[in-house]
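Novice: build me a structure from this.
(chains A and B, ligands or ions: 2)
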Amino acid sequence: MNFFNLLKIALQAIKRNKTRALLTMLGIIIGIGAVITMVSLGQSSKQSINDQISDMGTNLITVRRAWNRRAGVNVGTTNVQTLKIADVNAIADRAKYIASVSPVVSSSGQLIYGSNNWPGSIQGGNEQFLSIRKFAIASGTNFTADDVRSSAKVCIIGKTVQDNLFPDGESPLGKVIRFGRIPLKVIGVLESKGNNQMGQDQDDIVIAPYTTVQKRILAVTYLQQIVASAVGENYVDLAAMEIENILRGTHRLTADKDNDFEVFTQQEMLETMTSVIGFLTILLAFIAAISLLVGGIGIMNIMLVTVTERTKEIGLRMSIGATKKDIIQQFLYESIILCLIGGLVGILFGLGASYVISSALNWPFIISPMAVGISFVVCAATGIFFGLYPAMKAASLDPIQALRYE
Amino acid sequence: MNEILKVENLRRVFDVGAEKVHALKGISFTVTENEFVSIMGTSGSGKSTLLNILGCLDTPTSGEYYIDGISVSDRTKDELSVIRNRKIGFVFQAYNLLARTSALENVELPLLYNSSISASERHERAKHALELVGLQERMYHMPNQLSGGQQQRVAIARALVNDPVILLADEATGNLDTRTSYEIMSLFQELNAQGKTIAFVTHEPDIAVFTGRTIQLRDGHIVKDEPVKTQSARAALEALPPSDDY
Ligand SMILES: Nc1ncnc2c1ncn2[C@@H]1O[C@H](COP(=O)(O)OP(=O)(O)OP(=O)(O)O)[C@@H](O)[C@H]1O
Ligand SMILES: [Mg+2]
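Specialist: Ligands and ions are numbered 1, 2, ... in the order given. Just a heads-up that it's a prediction; the model follows:
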């Protein structure tokens, strides 16, 4: 039997019942749409985290003081200040796989220039802090090692801080702003980095020599963090181990003592986050797949009703020469066509939804060709699987009985 | 003359639970080319059962059946489908047109199940069949836009489109009023005059007079098989009182 003729027959039958066809497809549209949206958003969020982490530098290693644990319960970090500038110096002197290292001291407070106020935060580092954290200077200069030694009252500001303290567009370079009571001269402005995927504004920042933050703002001698960059992406783990060894030495930790600090690499953070997201994606795609199954059952349901409703039509087709195979194929094609059209609409719908959601969340929009391809195959398979039983049922009718059916 | 149909000692037994219903009890006759046969009989005499077997929709319990010279006994269902598609044209009492489908598409339907016919040929033949039944003006009308008589004409065009060796009609005028019945009979007479072989089931004697031969069934037997003094349906139509449209 001619394939195109049967296709024409199936299309005619669908055309005769547009509303029913639409209702039948609805389940598939929603199912495929949900699967596509979930898979695409899962990939978008992964990509976005990847982007952000390489934004911060894939070589980045962060050292924090350890959580103060008692019986396995975190009780806070406030009274343990284990990181000292001596640790930074030891790393700088001895670590082979570290390119640069900087202390980090931060504080938050009110930023003031003239009559303009802005609640901001200040990060203190050494002259290598900018390059380690992948910040770039848009105008002005970085502070120098001398500035660090002398606790110079200088700072570099981000775009958001500039916009809020200097709303009239005057150049902030050379102007003196205040962080709380401490006057700081603006010597540089950072290139804009925009929001990260958590929605945090990375331009809402003031960077100053860590000595300035330690002595003039916080009046402390300890460090909150140490950041370092490895000599290359492949040396990050080695470098992290090196830091651990050096710090255990400087902290005089005997073999039976736990670290009083924690070393994180961006790689580790990446792995944790992507594995969480991967799990969520699978979970959501699974839920979406269940809705696809429900959609398929919906198709079978309607096709079964259709067979009963069209008994007379089936009898007539048989009486004018349709074979069993023709009838099976007609009903199968109808259900496959419905599934494929539904799938196509669902794919468009899912891509639209993921475009809207990912742009709202500031994520990259990713079309997964594999998800689209698999959806299409799944649609066809759904059509065959859930269309077969009604089709067989239709073909098994006795033509005389079917013709008599009222 | 060519033998179009030949049945020999045809029997059909239905199993209804433990009981057996003998619907046909040994039927033998021959229909030659260009005959117009009416099959008559009271309700339950076996007319439809016989016609279904002649139309290859049903198979006899025993007996021989030849259509256009080929034996129909011991054929698979698919082979019977092909025979129906190539050799038989069915006309039903209830028209059995596909709803929401134009007259033309309804008529094309049997040719869609014949892969040796191209789309353009299918189109041409369907148009020609509709012209034969006088519906060239109504090709794109849907069944619900046609009168009962017009719907039956579409059904007759559908039965003609595959150029069958025989037209089988089961109570084809059963749903129509007298005037329309006569019009349909007149159409059948025209087709017969053009060479079509027709077997026509009816229980109305005043319809059977328009055919050329009557086979009378009673209780599964042929009780009478004789030529009819054929009357012209067109003449009968003209003789109807004009006030028929009440
Ligand atoms: N599928 C069937 N199962 C059992 N008995 C049947 C079946 N089909 C027909 N019969 C029986 O066979 C006999 C002949 O039926 P058939 O339909 O051929 O009569 P008919 O002459 O066409 O009558 P009518 O003029 O009312 O259409 C009846 O007794 C009927 O009950
Ligand atoms: Mg009958």
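Novice: hmm, who's touching the helix or strand that contains residue B:109?
Specialist: In the assignment (DSSP states H and E), residue B:109 maps to helix B:103-112. By C-beta atoms under 8 Å, 6 or more residues apart in numbering or on different chains, the residues outside helix B:103-112 that reach it are A:5, A:8-9, A:12, A:317, A:320-321, B:85, B:97-98, B:117, B:121-123, B:125-127, B:129-130, B:135, B:138-143, B:146, B:154-155, B:157-158, B:161-162. C-beta: built from backbone N, CA, C; applies to glycine.
Novice: in PyMOL, how would I select the buried members of the residues you listed?
Specialist: Burial among the contacts of helix B:103-112 is assessed by 16 or more other C-beta atoms under 10 Å in any protein chain shown; the matching PyMOL selection reads:
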select buried, (chain A and resi 5+8+9+12+317+320+321) or (chain B and resi 85+97+98+117+122+125+126+127+129+130+135+138+139+141+142+143+146+154+155+157+158+161+162)
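Novice: could you pull out the strands for the chain?
Specialist: As the question left the chain open, I've gone with chain A. For chain A, applying DSSP state E gives strands covering A:60-65, A:69-70, A:73-74, A:98-113, A:116-125, A:137-140, A:154-157, A:176-179, A:182-190, A:206-209, A:225-230, A:261-265.
Novice: nope, chain B
Specialist: For chain B, the strands defined by DSSP E occupy B:3-16, B:19-32, B:36-41, B:62-67, B:70-71, B:88-91, B:166-170, B:198-201, B:213-218, B:221-227.
Novice: in JSON lines, list the ones you listed along with mean pLDDT and mean neighbour count.
Specialist: Formatted as JSON lines, the strands of chain B follow (pLDDT from 0 to 100; neighbours: other C-beta atoms under 10 Å in any protein chain shown):
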{"stretch": "strand B:3-16", "mean pLDDT": "95", "mean neighbour count": "16"}
{"stretch": "strand B:19-32", "mean pLDDT": "95", "mean neighbour count": "16"}
{"stretch": "strand B:36-41", "mean pLDDT": "96", "mean neighbour count": "24"}
{"stretch": "strand B:62-67", "mean pLDDT": "94", "mean neighbour count": "17"}
{"stretch": "strand B:70-71", "mean pLDDT": "92", "mean neighbour count": "10"}
{"stretch": "strand B:88-91", "mean pLDDT": "96", "mean neighbour count": "26"}
{"stretch": "strand B:166-170", "mean pLDDT": "96", "mean neighbour count": "24"}
{"stretch": "strand B:198-201", "mean pLDDT": "96", "mean neighbour count": "25"}
{"stretch": "strand B:213-218", "mean pLDDT": "96", "mean neighbour count": "20"}
{"stretch": "strand B:221-227", "mean pLDDT": "96", "mean neighbour count": "13"}
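Novice: now render these as JSON lines, adding distance to chain A.
Specialist: Below are the strands of chain B laid out as JSON lines (distance: least, C-beta to the nearest C-beta, whole Å):
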{"stretch": "strand B:3-16", "distance to chain A": "11"}
{"stretch": "strand B:19-32", "distance to chain A": "12"}
{"stretch": "strand B:36-41", "distance to chain A": "17"}
{"stretch": "strand B:62-67", "distance to chain A": "14"}
{"stretch": "strand B:70-71", "distance to chain A": "16"}
{"stretch": "strand B:88-91", "distance to chain A": "5"}
{"stretch": "strand B:166-170", "distance to chain A": "10"}
{"stretch": "strand B:198-201", "distance to chain A": "14"}
{"stretch": "strand B:213-218", "distance to chain A": "18"}
{"stretch": "strand B:221-227", "distance to chain A": "22"}
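Novice: can you name the residues that contact the closest residue to chain A within chain B?
Specialist: As assessed by C-beta to the nearest C-beta, chain A sits closest to residue B:85 within chain B, at 2.4 Å. Residue B:85 sits next to A:320, A:321, B:110, B:113, B:114, B:162 when contact means C-beta under 8 Å, 6+ apart.
Novice: report how many residues lie close to the third one.
Specialist: As a burial measure, the neighbour count of residue B:110 was computed by other C-beta atoms under 10 Å in any protein chain shown and equals 30.
Novice: gap between the residue lying closest to it once chain neighbours are set aside and residue B:202?
Specialist: In space, and not counting its chain neighbours, residue B:110 is closest to residue A:320: 4.3 Å by C-beta to C-beta, 6 or more residues apart in numbering or on different chains. Distance, residue A:320 to residue B:202, using C-beta to C-beta, to the nearest Å: 22 Å.
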